[in-house]
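In: Sequence below, structure please.
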Amino acid sequence: MRKLTMPTLLLLVCLSVQAQTSKTNPPKVTEKAPPRLLPAKRTTLEIKIDGLLNDSAWKDAPIATDFIEFRPAVGVKEQEESKTVSYLLYSDEGIYFGGFCYERTRDSIAMELKGRDGFGMNDFIGIIFDTYKDNLNGFEYFVTPLNEQWDAKMAPNNNGNSEDFSWNAVWKSGVVLHDNGWSFEIFIPYGAIRFGKKEVQDWGVNITRRRQKTGQQFTWNPIDPNVNGFLTQEGFWTGITNIKPPVRLQFSPYFSLYANHFPLDLAGSKNLTGQVNGGLDVKYGLNQAFTLDATLIPDFGQVQSDNQVLNLTPFEVQFNEYRNFFTEGTELFSKGGLFYSRRIGGTPIHFGQASSQVGANEKLLKNPAESKLINASKVSGRTQSGLGIGILNAVTKTQYATIEDVNTNDQRKFVTDPLTNYNIIVLDQTMKNNSSVSFINTNVIRSGSDYDANVTAALFDLNDKKNTWNVGGKFAVSQLMGYLPDGKNQNGYSHQLYFGKTSGRFNFNVWQELTDTKYTHRDLGYFTNNNFLDHGFWAGYKWIEPKSWYNRIFLNLNGRVSKLHTPFTGITETYQTGNLNFNAELQTKKLWWIGSFLGYTSKQNDFYEPRKGGVFFTRNQSFAMGGWVNSNEAKKYSFWSELFARRHFNFYDQFGVDANIGQTFRFNSKFSVSHRLSYLPRFNNMGFAAVSNNESIFARRKVNTVENILNVKYSFTNMMWITYRMRHYASSVDIKEYFTLQQNGKLLANNSFTGNANQNVNFFNIDMVYTWQFAPGSFLNVVWKNSIYTFDRAIQRDYFKNFGNTIDADANNNLSLKVIYFLDYLDMKKWGKKKK
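Out: Residues are numbered from 1 along each chain as shown. As a prediction, this is how the structure comes out:
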C-alpha cells in the first residue's frame, strides 16, 4: 500500500487558498449563518484516481473544510487532530472530489468490508449534490476507508427526504490509509448524475463525514436537526460553466445457467432440471434530464428468498422487493403509496380457482405461483424547472394451470393469469419552500374478459417560507372496468389530509383518511381494505444537545380512531378501533440506544376477521408495554434486544409476547457473523378457524412462532465477497376449543364442530452468494439456494425435533451462475478509435 509522505503540504495548500470558501471559522448553527459558497473551478489537468492526492491539479482546487458537527453535538467545530480537508473540481468529463480525513491514529478509523452499498461499521465521507436547487432531490456519493462505494438518490416523502440506496451509478474512487487518517479521490462522470441545460449553473452541495467509533457526524454546511429537511440546509457550488452531459448509453448483457433439483420421484418427471438464460438491460439518456431503463427477458432467479410466514390474518402478506429493476431509481413511482412492484410477475389473479376447475378423474398437475415477466421499461427524470416525470411499463405473459386426466393422461390448460400490461405515470412538480404537487396514474390492462383497473391521484405537500409548517394531502379515484356482474364499472374514492409543524424541538401532525366502499388500488398496489374514516395525530419532542448522561432524547405520543365510512349490510355498528401510544428513546454517552413503549387499544369491532359478510368480531380493550436496547454497534460485538407484551382485559385471558434478540460479532474487517432469534407466543389467542354451514367458526388457540436467521459474511477484497443467509421459521396453531361467531360480535362455545384447524408450518431457506465485481458495473454471481416447506396438522412442541423433521423433508436445491457485463457507449467508442 502506498503512503502519502506527509500531509503537511495539504495543510499549507489549505491555508493558502482558504479564502476561496465563503466562510472560515463558521458560527454555530444556532446563529443561522448564511449558506456557505464554494467557487467552481475547471481543470484541464489529468488526475489519477488512486487516493494519493499528489496530482498538481489539487494544488489550486477550492477547499471545503471547517466541518461542523450535527450529531451527537450540534454546531461544534471539528477538532484539529480529526479535521476534514476536501477539494472539489470539475472538467469536461466530470467532477473530481478528494480530500484527507485526519485521525489521531490509524486505530481510530472504523473499517469493515461489506460490499457495495453494504454500510456496516464504516467511517465514510460523502458528497451530496442538489443539481436543480429544489431542496428536494439530490445525488449522493460516499466512500469508505477500504474504498467501498455507496450511492443514493435523495427524494421527498411524507417524512422529509429519503435516500434510495438501490440506485447505482458507475463512478471511480481510490483510498489510501495513513498513520494519521485516510485520503480519498472520487471521479463522478457526468453520465452518473443529472442536471439542467443552463450555461452557468449553481448547484446545492454538502459534504458529510461519519466517525463511527465516536458516533460523530459532520457536514461542511452546518445542519440543524431541528430544521425540517437535509437539502434545505445545503451550501452552494457556484459558477459551474458550460458543462454538457455525454451520450448516456449503457448496456448490461447477462448470461445465466441454472440447475434445480427436487425429489419429485414421479414417472415422466425429472428430479434434476436445467435452464440457460440470456438477456439485456439498457440505460439510455434521452437528454440531460431523462433516462430510459429497459430490461429485456429479465432473470431474477438469484434474488434473496422471501421471508415466508404463516398468515393468520384476513389480508395478504406484503413482501420486500429484491429485483433490481424495481428497486433502482423508483422514488417517483413510490409517491402516494399506489405502487407495489410485487404485483408485476406476482401471483396470478385466478391462482386460487385452479383447484375448483379439477373434475372427476382429474388432478391438478401444475399451477405456477408467479406470472412470467416478458419485459419492463421505465423513463424517469426531472427538468430544469423542477418537473419530475416517471413512466413505467411492464408486460407479463399468459399463465396457465395444467390439469391432467388420471386415466388417459390427457392434459388441458386453465388460464390463471391473462396477458397483462402494467403502467404507471407520475408527474411531480417541485415548488418554492420545499413544496411539491404530484399527479399519479396506475393502469392495469388484461386481455380477454378479465376486468381492467385504473387509479388516478393528485397529491400536494406545501411548506411555509420558514419551513416550519406543513400541509398536504391526497385525492384518489379508482375504476375497475368491467368488474361488476352486468359488465359495468366500479368507481371508488379516497382522500388523505394532514397538517403539522415540522421544524423545532416540538413537532406534531394531525391527519384524516377516508376511503369509500368501492375504492381500491389492489391491482398495482398493496391494499388491505376500504370503507373507513380514520382520524389521528402524532406529537413529538426532542432534546438533541448532549448532556452529562445522554446524547439525545426523543418522545412521542400518537393516537388513532377508526370507524366505517358506510355501515355494512345488516350491521348497524360502525366503530372499528382506537389506540393511544407513547414512545421514548434515548442515546447514552456510550452510544447505546434505549427505548420504551406504552400502548392502549380500545374495544375493537373487526369486520374482516370473520371472512364473511354480515357479521363482526368484538375484542375487548387491551394494554401493551415493552422496551428495547441496542448496544454500541461500532464495537466488535454488539447486540440488540426487545421485549413487548399485550394483555386483553376480561377476554379469555388473551396474552401475547414479542421477544427478539440479535447479535453481531465482527472478527475483523473482512469476517462477520450475525444472528437473530424471535420468539412470539400467543396464549389464548382468539381468531378465525373456518366457515361451516355459513357460520364463522372461531377458536381459542396457542399460537407459537419461532424465527432464526443466521448471516455470515466474508470479504476477500472490496470487489469480492461471499454471503451466507439461513432462515428457519416455525409456527404452530394449537386449537384449545371452538366457538361460533354470533351477530352481536360475541362468541358462543361450539362443541359440535368436527374440523381440525391445527397447523404446524415450517419454512427453511439458505441463500449463499459469491459475488465478484470484476470490472466497474460488471459482476459474476454464483448462488446456491436451498428451500424446504412443511405443513401438517400434528403439533410438534419440541423445537429441535421440529427442526430435525424439517431438515429431513424434501428440499429444493438451486445452483446458478450469472455474469453481467457493463458496457458504456463512450468506452466502446474509445476502443474503436484505438483500433484505427
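In: From now on I want contacts and neighbour counts done on CA atoms only, so please keep to that.
Out: Fine.
In: quick one: low-confidence parts of the stretch 351-500 of the chain?
Out: Applying pLDDT under 70 to the stretch 351-500 of the chain picks out no residues at all.
In: How about the stretch 201-350 of the chain?
Out: Using pLDDT under 70, nothing in the stretch 201-350 of the chain is flagged.
In: Could I get the full set of helices for it?
Out: In the stretch 201-350 of the chain, the helices defined using DSSP state H, counting those that start in this stretch lie at 324-327.
In: Tell me where it has strands.
Out: With DSSP state E, counting those that start in this stretch as the criterion, the stretch 201-350 of the chain has strands at 216-219, 235-241, 249-261, 272-285, 290-296.
In: what would those look like in TSV with distance to residue 460 and mean neighbour count?
Out: Output for the strands of the stretch 201-350 of the chain, formatted as TSV (distance: least, Cα to Cα, whole Å; neighbours: other Cα atoms under 10 Å):
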stretch	distance to residue 460	mean neighbour count
strand 216-219	30	23
strand 235-241	27	19
strand 249-261	34	18
strand 272-285	29	15
strand 290-296	23	20
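In: can you give me the helices for this protein?
Out: For the chain, the helices defined by DSSP state H cover 8-16, 324-327, 799-808, 825-835.
In: okay, the second one in CSV with CA atoms only?
Out: Translated: helix 324-327. Extracted C-alpha coordinates of helix 324-327, given in CSV (Å, rounded to 0.1, in the frame of the first residue of the first chain):
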residue,chain,number,x,y,z
ASN,A,324,-33.0,-4.6,-9.1
PHE,A,325,-35.1,-3.2,-11.9
PHE,A,326,-38.0,-2.5,-9.5
THR,A,327,-35.8,-1.1,-6.7
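In: Find me the pLDDT at residue 158, would you?
Out: For residue 158, the model assigns a pLDDT of 48.
In: next one: residue 832
Out: 65.
In: can you tell me the distance between the two ends of stretch 799-816?
Out: Chord length of stretch 799-816, first to last residue, is 32 Å (Cα to Cα, to the nearest Å).
In: Show me what it is in contact with.
Out: The contact list for stretch 799-816 (Cα atoms under 8 Å, 6 or more residues apart in numbering) reads 256-263, 302, 762, 764, 782-790, 796.
In: Quick one: mean pLDDT over it.
Out: Averaging pLDDT along stretch 799-816 yields 96.
In: swap in stretch 76-96?
Out: Mean per-residue pLDDT for stretch 76-96: 96.
In: Please identify the buried residues of it?
Out: For stretch 76-96, burial by neighbour count (16 or more other Cα atoms under 10 Å) applies to 76-78, 82-96.
In: just stretch 777-793 next, same as before
Out: For stretch 777-793, by 16+ other Cα under 10 Å, it's 777-790.
In: likewise stretch 50-68?
Out: Going by neighbour count (16+ other Cα under 10 Å), the buried part of stretch 50-68 is 50-53, 58-59, 61-68.
In: same deal with stretch 611-625?
Out: Quick answer for stretch 611-625 (16+ other Cα under 10 Å): 611, 615-625.
In: And stretch 377-394, by the same measure?
Out: Result for stretch 377-394 [16+ other Cα under 10 Å]: buried residues 377-384, 386-394.
In: How about residues contacting that stretch?
Out: Contacts to stretch 377-394, defined as Cα under 8 Å, 6+ apart, come from residues 132, 134, 194-197, 289-295, 332-333, 344, 373-376, 421-431.
In: Quick one, which of these are buried?
Out: Listed as buried from those are 132, 134, 194-196, 289-295, 332-333, 344, 373-374, 376, 421-431; burial here means 16+ other Cα under 10 Å.
In: Count the neighbours of residue 46 for me.
Out: 10 (other Cα atoms under 10 Å).
In: try residue 200
Out: Residues near residue 200, counting by other Cα under 10 Å, number 12.
In: Same question for residue 297.
Out: A count of nearby residues for residue 297, using other Cα under 10 Å, gives 17.
In: OK, contacts around residue 644?
Out: Counting by Cα under 8 Å, 6+ apart, residue 644 makes contact with 624-627, 657-659.
In: Which single one of those residues is nearest to residue 415?
Out: Taking Cα to Cα as the measure, residue 415 sits nearest to residue 658 out of the contacts of residue 644, at 42.1 Å.
In: wait, isn't that closest one in contact with residue 679?
Out: Yes. Between residue 658 and residue 679 a contact is recorded at 6.3 Å, counting by Cα atoms under 8 Å.
In: Give me the phi and psi for the closest residue to residue 226 other than its chain neighbours.
Out: With Cα to Cα, 6 or more residues apart in numbering as the criterion, residue 226 has its nearest non-adjacent residue at 4.6 Å, and that residue is residue 504. Here is the backbone geometry of residue 504 (degrees, to the nearest 10): phi 100, psi 180.
In: how close does residue 504 get to residue 64?
Out: As for residue 504, its distance to residue 64 is 28 Å (criterion: Cα to Cα).
In: Thank you, goodbye.
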